[in-house]
Each structure stands twice: as structure tokens, then as C-alpha cells.
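>>> Predicted model and sequence below, questions to follow.
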Amino acid sequence: MSRRHITATINGDEVDFLAEEGSSLLNALRDEVGLTGVKEGCGTGDCGSCSVLLNDYLTCACLVFAPEVEGGTIVTVEGLANGGELHPLQQCFLEGAALQCGICTPGFLMAAKALLDRNPNPTETEIRYALAGNLCRCTGYDKIVRAVQEAASQIREA
Amino acid sequence: MMAVIEENPGYKWVGTRPIRPDGLEKITGKAQFGADSILPGMLYGSVVRSPHAHARILSIDMSVAKSMPGVKAVITSADFPDLALNGGSAGDIDMSNNVMARAKVLYEGHVVAAVAANTREQAKAAADAVIVNYEVLPHVLTVDEAMADNAPLLHDGMYTKGIDPKPEKPSNVASRVVHERGDLDKGFAEADLVIEREYTTKPVHQGYIEPHAAVADANSDGRAHIWCSSQGHFQMRAHTATVLGVSPGTIKVTAAEIGGGFGGKTVVYLEPLAVRLSQRAGRPVKLVMDRDEVFRASGPTSGTRIKVKMGVTNEGQLTAADVWMGYEAGAFSGSPVGAAGMTVIACYDIPNFFVEGFDVVVNKPRVAAYRAPGAPMAAFAVETVMDELARGINIDPIDLRLQNAVVEGTQASYGPKFPRIGFVETLEAIKNHPQYTAELGPNQGRGVAAGFWFNAGMNSSATVHINENGTATVVVGSPDIGGSRQSMALMAAEELGISYENIKPVVADTETVGFNDVTGGSRVTLATGAAVVDACRVITADLRARAAKTWDVEIDDVEWVDGQAQHVDGSQPPLSLADLAGKSGRTGGPISATASLNARGVGAAFSTQLCDVEVDPETGITRVIRYVSAQDAGRAISPAYVEGQMQGGVAQGIGWALNEEYIHNSSGVMENASFLDYRIPVASDLPMIDTVIVEVPNPAHPYGVRGVGEVGIVPPMAAVANAISDAAGVRMKDLPMSPVKLLEALNEKGK
Amino acid sequence: MARVHLSAGLRDLTGGVANIEIEASTVGRLIKSLDQMFPGIGSRLSEGSSVAINGEILTDAEYEKIPASAEIHFLDILQGG
């Protein structure tokens, strides 16, 4: 096993780090870059807790080898807020009590952002299916869906 | 969302919906969960686990593993004290053996050894290089197999407790519980309709999204610091100390944020291993379970077999109930059959009953608590029989329950008389809910079910400090799994009369707050809340004394109102908390109080739920199209998070009803140990979950609180099953009611 | 005078006795008296029970005073999740 030198744009900044060839982007982000907002819930792409935007695609970081992101663009939950200003999704999750333990929340925020970026006016069903790749065990999804609806509405009116 | 509120005294903060204090960290990714700690020089641990369901350990060869690159420590059971030789209690011995097996492995996934190395990959490679020789033994996987004559035994010294006369031979039955009243034969003779059914449920997992994780930093002098996510860091400290054979005072535990627990994180798995590895290596060690390990080797809840026979008169009076329950405990005794026995018919006033339950060990992971442990399976059985009884005598299923519901003064099936409770109110809330009369289309059906949970009190300690500018810090020792920090701050705001925004609630570590029992049992808002309230009341009494000193009057002339000391006759300008705090040195020193208690006055909780489903006759897929849950919360301190608890319990119950199960092959190996094949509900499976918070205040708590976290998971399986019966005309008696099984039942019916 | 209700699960030790009137000032002393009457019941009740006194469920109740004419039930220790 050797460590590769990887350079990528992460949350708007050019970042370089070392990672084992066979290590996942998830582990590289957490262990090497220090972005622990990306969570491991399963390591096999089933729970969505490690969701990031990779080259604008919603991706499970556990399913990507770290070297694959060379030269690419990554957005994690840490990159959602604009300085001190929260993204409307973040604000709506807070106000709508759309999180309980919060472990799945970063993944849901990324998935919801990916949805609203391409579909600014989703129906409830469209929201539910877009978020079906993210598991939450605490909330039953009700308040999450409502928060996404509210954020969508705020973004459209802005 | 609706609420039925009784006698709300017009609180200023309690009952509101502000932003939770830990919310910002959680939506920006800053919050530190169990696996997020990184320490300098940290090693990664990896655990060696049994591939066999039941086997004797003949030898463990660590020599290859020890010599592999980057490996700094290897441990086996030889590195832990044998509590059986040290006079440990049976419970402690079992716990220690579950953390790491000694002579025998009792389930696939049982820990045999552990290693620590510089990188994850090195640790995993070393764990794979540990050579273990097993003598495979025959195993048992179900209550039926374990209770059969001549079944292979897990524990040679297990003689069933609670049987008269005492058994002469050991067995796999750890204990028996019994509740009885009246005369069963007479009761059934009086019934016009008797329904007798048998049910099975499979083990299911709490399904928390965050796997178990711990980081331990141990010194050579035996002291250690652990960061872990758990439902009780004092509990983790105590259990870790027991397994290691040290004083709990040598271990400091910092509570990380916890990514779900539901009872499954009240148990210690990794902490003792991480500490011992850290001691051997002289460096911090991070140990995290992967999802596969979580399924195979943490603590799901029991699979069960339950037989129910109940009788009712044509007028709707329940006359008798006969219940037999066998609960799988997993590898060591301790299934929740006791609580099952006490909750199974607790909702109803039945004059004649016999309830018998057995705690049975099987070669599966040791069960751990799962949200109202024991009660959901029992309710599945009784609440579906209730549905059949109601339809059999042509009475509305809610009316049947109303007619027999326990109320204040009823003698509970488990003994004492009920104090003030809100069961009837939840039944009426559902009956009056618009969903009860919503139109149903083809292949659609409706089911109702009810449930009960005691809730717990137990020990809590909290400290409140007043800062020099009149803001406050509330220090608790209850890890926050559902938003409890907010409830503590709301109650403190109400007591002190200052703004919620000026109160900072903090979950402190085991060295900086007094002892606290686990966060679980729906106890934190009640018990830790009571401690916070008591501490605030000591402070407001102190503030009145300081104001009296300032004004040179008697303390009886001073009141504390809306965050200010006021003279009863208005002869002095009021002194705010900020005023008094700023000059606290002149009136006696810093303002701070601690309250510790073993909580009393626990209020029980009831839930009634209504489920509408659509069953696809071609695929057997059940879709939940409408759902409402009504629950007596006593007083909702933080309504948004009470709703959250209710909705979460419903979602877990729906998963348990329709899809979730442990699938073992004939060798006792779990075949679906991933979220792909262990199917929990996703957003597209569920509708919006409506909630009705019923408030029948608990008269024994300063804010009328009843625990809310657990009872919500008790009714859903029966509500779904009753809805399926209404929609498709089949009575499902085995969980989960997955499409394959539903299709089989529909085809059978069609014949 | 406390009226103590003994659950069916204890019948193997009480020889079938389900209810008993007994004088005791605290729960701990009550358990000791019961143990004298039904040997072995003391460890079962101390280790595995919460106690309900007039409907209020308490844990670790050894020194709890028993009010006059109280109804006492012993319950299994309950685990929450």
C-alpha cells in the first residue's frame, strides 16, 4: 500500500492531502482533510450518511476511492453555509426540528441541496423519492420533508 | 399537528418551539460524534469475532498478528480479570463474557480477540491473521429449539428461576415470570366469544445510523479517558471499570454526541477493549464497529413466540385473558420478558387472567433494550386479538377499548392502582380525528391499536450556575439523544424567569457533574428535569435571600417573579438576576446550586394509533397511506421534539411490522447484516405522520411531565396488522408482514 | 400495617400465599420480615424488584418509610430503552 498525493477543490478551496490508494473518499475526508461532518453509517452506500457533491453529482463518499477525486470538485456539509450565513436548508432544518440525533443530517442536507439545485419546486412525492437514499431512524422523515418544502419555497421567493 | 391541552397555566417558555441549543453544530457538521475524535498518535483497533454460533475456544494464536507491520497491541480474554473467580455478580460475569468470550463463543460475531495498529488497514489485516481453533458445538436459534427436550445447552449452570418445584436439570430457560388474577376457567365460561391465536416475531435491530465508536487514551498508571457516544457515560464508566477490574474513579468518560441509541447504546462493547489496547500500546486507540458488526454483535431485541387467548361478552366486556410468551434473550439471560409480562394486558381492566413468560437463551447476539423493551411484541399479539374480538361481536374497535380501558384507580394487571393517567383521552382523540372517518378506496383498510409503557425515574444530578451577567449555565449528565438539552433549558428559563436564549445547557463528563443513570426509559425530561428544577428553586430561594440582604428586609418580604426579586409591598425597585449576579460577591459569593435525586412520581404513558394502508394484491406490498398517533405526554415541554419522538417510534414500528427481521441460515450466521438487506423505512415508504399530543399532566412532577420517548413504538405493529386485515381480509400472525408472506396468505385465502 | 401483594412468580417461595398484612416501618425492614416468613424471598425482592407504595413506583427503596395502611406491590426491575 502506498499513499498517493491528491489535489481537489473542497468547499471552494484547493486542498491537497495524502491517502492510501485503496482508501475511500469518506475516510480520506475524515482522517486526512479533517472534515468529520461526513459520517460513516454503513460503509457500503446504503445509508447516505456520507453523501457529498462530487463534480455536482450526489455521491456516497464511501463508494469512491480517494485517488478518483484528483482534480475534482467536492462539496460537503461544511461548505453549505456562506461564512456565517446558513443555507436556507440548514435554517429550515433548525426551525422545523428536522433533526433529532443529527447523525444523518449532513447527508440529508447534501441530498436535499442536490434535489433543489435541479428541481426548485418538487412535490412531496418527488422530495421523498429524492431522499430515499438517505436513512434516518429518529424522525420518521415527516419534519425533514416539511423542512425541504419550506426551504424550496424560500429559495424560490428569494 | 394537534394538541389536546388540559389546564395549561400559561407558561412563558415551557411548551414553545425555539431553536435547540445544539442545532447549529449539527447542521454545520461541527458536532463531535463518537467516531469523530482524533488524538495525536492515535491507533486504530480491529476486533476478531467468532464465525460460529456456538463453539468451544481451543486456542488463540496471536503470534502472526503481533508481528505484522504497524501492530502495537493484541489482547485476548487473558488480558481481562475472570470475574467468575473474583466473586463477580452473575450479571457482571455475563457482561464481561459478552465483551470478550472466555471458554466458549455463544453467537456468530462474539468477540474473541482485538488488535491495535497504526492504520485501519494494518489493524484489519492483523485481526484477519489471528488464528483461532474452535470445537464447533450444536446450536439453537429460536425459543422452540432452545426449549425442546435435549436441546444443546448454552450454559451448564442455568436452572430456571421462578418455577416451583425447582428444576433438577439445567436448560436454556433462564427464568419464568407470572401474573395472575381471578379464575381463568370461570372467566372464559362467561365469555360469548373466545379468540385464541399464536404469534411469532423476529429479532429486530434498533437501527441507529451511527455505529458504536469509542476512543480511549490510557496511561500506564491505569487512568484512562474515553470519548464515546452512549446513552449513559456514567454507565459506560461503571461497566468498563467492572470489565477491566478497576475503580470507576480512574476512568473519565466524555459524552460525544450520539447518533441514535433507542436502548442499544446503554450497553458496553468497545470501551473496555479500547482501554486495554491503549494501555498495552501506550497510545490512544480508536475502535469503531462497522455496520456488519453492529448487526451481528451489538444487541438487537428479542424474537418471540406469543400465545394469546381472550374472552369477551356480547356487550363488550372482557372477561378473561390467557397469555404465554417465550422471549429470546440471545446468548445470555436478560430478555425483556418481565416488562412484556407487565405491559401485555396493562391497558385493560380484565378480572381473570394468567400471564406467563419465559426468558430463553439462544445462540444469537445478546439482546439489548429497544424502545419500550418487551412491550411492542406483546402489544402486537393482544391488540390484534382485540381487533378480532371487536369485529366478532360487532363493536367499534375503539369503543371496545374504551369500555375496558384502565383509568385512575383501576388496579393494574401488574399490581398497583393507577394514579391519574390519560389512556381514555388518547382513545377519544383518535376517535375524533378526521382520519377515523376518511374515505377508503379499493384494497385499502384501517386499523387501530393501543399501547402502554411505565417510563422510569432513576438517578439524576444537575448543576445550575448563574454567570456574572445574569445568564445561566445548566449542567447535566444525561446524553442528549432526543433534544433533552432544550427541555432542560426551557424548564430552567421558566423557573428562573429569564430568557431561554440566555441559558446554555451542557452535557458534562463524568468528572464534572454528579452521577446520572442512563438516558433511556423515557426518564430524562422527568428525572433530570426535576433535578434542574430543584437546583433552580434552590437558586431562586438564594436570590430572594440576597435581595432581602440588599434591602435589609426579611426573606418573607421578597418574591421571585418574572426573573426579578420583588418586595411584596412594592416598596423597593426590583432587582433582576443580572443585578444580583453582578454583585454576588457582596451577598454571599457565586450563585450556583446542585440537585441530585432518585426521581419519584413517574407518570406512565399511553398511546393510541390509527393506520390506513393499501395492499397490492399482486405483489403483497403494503403501503402506509395515512397515520396518526395520539399520546399522553403529561405536559409537552418541547412540543416539536415530543412530536419527533412520536413520529420516530411510529416509523420504527412500521419497519418492524412490514420488513425488518434478522435472517439466520441454519449455521446460525446472519445473512442480512447490511442496510441493503435489513430494510428499514425510507422517506418514500411513509406518509406524513400526524400526531396528537394529549396532555393529562402527571400530578407528581413540577411540570406535569410524562416520559414520551418509548410508548410510541408499542402500538404500530398491531395497527398495521389490523389495517392489513381490513384491507385484504387476512390475519397476519408472524412478523414481519413482508410482501412474500402477505402474498402467500392472500393466495391461501383465495383457495 | 402494610398490605403486601406477592406476585405469582414468587409463589414457589411463599407456598401459594398471595397477600399478607405485615407491620414494618421501612421497605427494607418489610423485606427482612418477609424473608423470615418465606426464606429466600429476601434476595429475590432486593435484587430484582422495584416497589410500588400506594401506586407510586420507586427504585432503591430500602429506607423508604411505609405509610400507615399502605398497599405494597413488588415489581420486576424494569429496563428502558
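Great, that's in hand. All values reported here derive from a predicted model rather than from experimental measurement.
>>> In chain C, what residue lies closest to chain A?
C:G81 (13.2 Å; C-beta to the nearest C-beta). For the C-beta atoms, the positions are set from N, CA and C on the backbone; glycine is no exception.
>>> tally of neighbours for that residue?
30 (other C-beta atoms under 10 Å in any protein chain shown).
>>> Reduced to three states, what does the residue lying closest to it once chain neighbours are set aside come out as?
Leaving out its chain neighbours, the residue that sits closest to C:G81 by C-beta to C-beta, 6 or more residues apart in numbering or on different chains is B:G263, at 2.2 Å. Assigned with DSSP: H, G, I helix; E, B strand; the rest coil, B:G263 falls in the coil class.
>>> Now do the biggest helix by length in chain C: which elements does it pack against?
Determined from DSSP state H, the single longest helix within chain C is helix C:27-37. Helices and strands touching helix C:27-37, by 3 or more C-beta pairs under 8 Å, 6 or more residues apart in numbering or on different chains; DSSP states H and E, are strand C:2-5, strand C:19-22, helix C:41-48.
>>> closest point of chain A to chain B, which residue?
For chain A, the residue positioned closest to chain B under C-beta to the nearest C-beta is A:G37, at a distance of 2.1 Å.
>>> tally of neighbours for that residue?
For A:G37, using other C-beta under 10 Å, the count is 28.
>>> so it touches B:K30, yeah?
Yes - with contact defined as C-beta atoms under 8 Å, A:G37 counts as touching B:K30 (7.2 Å).
>>> Identify the residues contacting the longest helix along chain A?
Across chain A, the longest stretch assigned as helix under DSSP H is helix A:142-157. For helix A:142-157, the external contacting residues (C-beta atoms under 8 Å, 6 or more residues apart in numbering or on different chains) are A:88-89, A:91-93, A:95-99, A:108, A:112, A:115-116, A:120-122, A:124, A:127-128, A:131, A:136, B:640, B:643-644, B:647, B:683, B:686, B:688-689.
>>> returning to what we had before: for B:R237, which of the helices and strands packed on helix C:27-37 is the nearest?
Across the helices and strands packed on helix C:27-37, B:R237 has its closest neighbour in helix C:41-48 (22.3 Å, C-beta to C-beta).
>>> Next SSE downstream of that closest one?
With elements assigned by DSSP states H and E, the helix or strand that comes after helix C:41-48 is strand C:49-53.
>>> what's in contact with that next one?
Under C-beta under 8 Å, 6+ apart, the answer for strand C:49-53 is B:415-416, C:27, C:57-59, C:61, C:64, C:66-67, C:70-78.
>>> Each with direction, which strands does that strand pair with?
If you go by DSSP bridges, strand C:49-53 pairs up with strand C:56-58 (antiparallel), strand C:71-76 (antiparallel).
>>> pLDDT of it, averaged?
For strand C:49-53, the mean pLDDT works out to 87.
>>> now swap in stretch B:633-642 and tell me
The pLDDT scores in stretch B:633-642 average 95.
>>> how does chain B divide into domains?
Per the record, chain B has its domains at B:2-31+B:457-599, B:407-452+B:603-750, by automatic domain parsing.
>>> Ok, which of those domains comes nearest chain A?
Nearest to chain A, of all those, is domain B:2-31+B:457-599, at 2.1 Å by C-beta to the nearest C-beta.
>>> Give me the secondary structure label for the residue nearest the centre of chain A.
For chain A, the residue nearest the mean C-alpha position is A:M110 (3.2 Å; C-alpha atoms, centre = their mean). At A:M110 the chain is in helix, as set by three-state DSSP.
>>> For it, give its distance to B:D534.
Here the criterion is C-beta to C-beta, to the nearest Å. By it, A:M110 lies 43 Å from B:D534.
>>> Report whether stretch B:600-610 contacts chain A.
No - applying C-beta under 8 Å from any C-beta of the partner chain, one finds stretch B:600-610 separated from chain A by no less than 12.4 Å.
>>> Spit out the contact partners of the residue nearest to the centre of chain A.
Counting by C-beta under 8 Å, 6+ apart, A:M110 touches A:S51, A:V52, A:L53, A:L58, A:V75, A:T76, A:V77, A:L80.
>>> hang on, the earlier thing: mind listing what's buried in the longest helix of chain C?
The neighbour-count check on helix C:27-37 (16 or more other C-beta atoms under 10 Å in any protein chain shown) flags C:V27, C:R29, C:L30, C:I31, C:S33, C:L34, C:D35 as buried.
>>> remind me, longest strand of chain B?
When chain B is parsed with DSSP state E, its longest strand is strand B:318-330.
>>> Could you tell me the average pLDDT over that strand, please?
Here strand B:318-330 scores 98 as its mean pLDDT.
>>> Quickly run through the sheet partners of it, with directions.
With DSSP bridges as the test, strand B:318-330 pairs up with strand B:304-312 (antiparallel), strand B:352-361 (parallel).
>>> chain center to the next helix or strand after the longest one, what's the gap?
Meaning strand B:352-361. Where DSSP H and E defines the elements, the next helix or strand beyond strand B:352-361 is helix B:375-392. Centroid separation between helix B:375-392 and its chain, computed with C-alpha atoms, centre = their mean, to the nearest Å, is 23 Å.
>>> If you count neighbours, what's buried in helix B:375-392?
Here helix B:375-392 shows B:375-391 as buried, counting by 16+ other C-beta under 10 Å.
>>> Just the angle for the one helix or strand B:H179 maps to relative to strand B:352-361, thanks.
In this structure, B:H179 sits in strand B:173-181 according to DSSP H and E. Orientation of strand B:173-181 against strand B:352-361 (axes from the mean of the first three to the mean of the last three C-alpha atoms, to 10 degrees) gives an angle of 170 degrees.
>>> Extract the C-alpha trace of strand B:173-181 and format it as CSV.
Provided in CSV are the C-alpha atoms of strand B:173-181 (Å, rounded to 0.1, in the frame of the first residue of the first chain):
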residue,chain,number,x,y,z
VAL,B,173,-34.7,-21.2,30.1
ALA,B,174,-33.3,-18.6,32.5
SER,B,175,-36.4,-17.6,34.3
ARG,B,176,-40.2,-17.6,34.3
VAL,B,177,-42.5,-14.7,35.2
VAL,B,178,-46.1,-15.0,36.1
HIS,B,179,-49.0,-12.6,36.8
GLU,B,180,-52.5,-13.9,37.6
ARG,B,181,-55.8,-12.8,38.9
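>>> Taking helix C:41-48 as reference, get the angle to that strand.
Inter-element angle recorded for strand B:173-181 and helix C:41-48: 100 degrees (by the same axes, to 10 degrees).
>>> how about strand B:173-181, does it reach chain C?
Yes - using C-beta under 8 Å from any C-beta, strand B:173-181 reaches chain C at B:R176, B:V177, B:V178, B:H179, B:E180.
>>> which helices and strands does that strand pack with?
Packed against strand B:173-181, as judged by 3+ C-beta pairs under 8 Å, 6+ apart, are the following elements: helix B:337-343, strand B:352-361.
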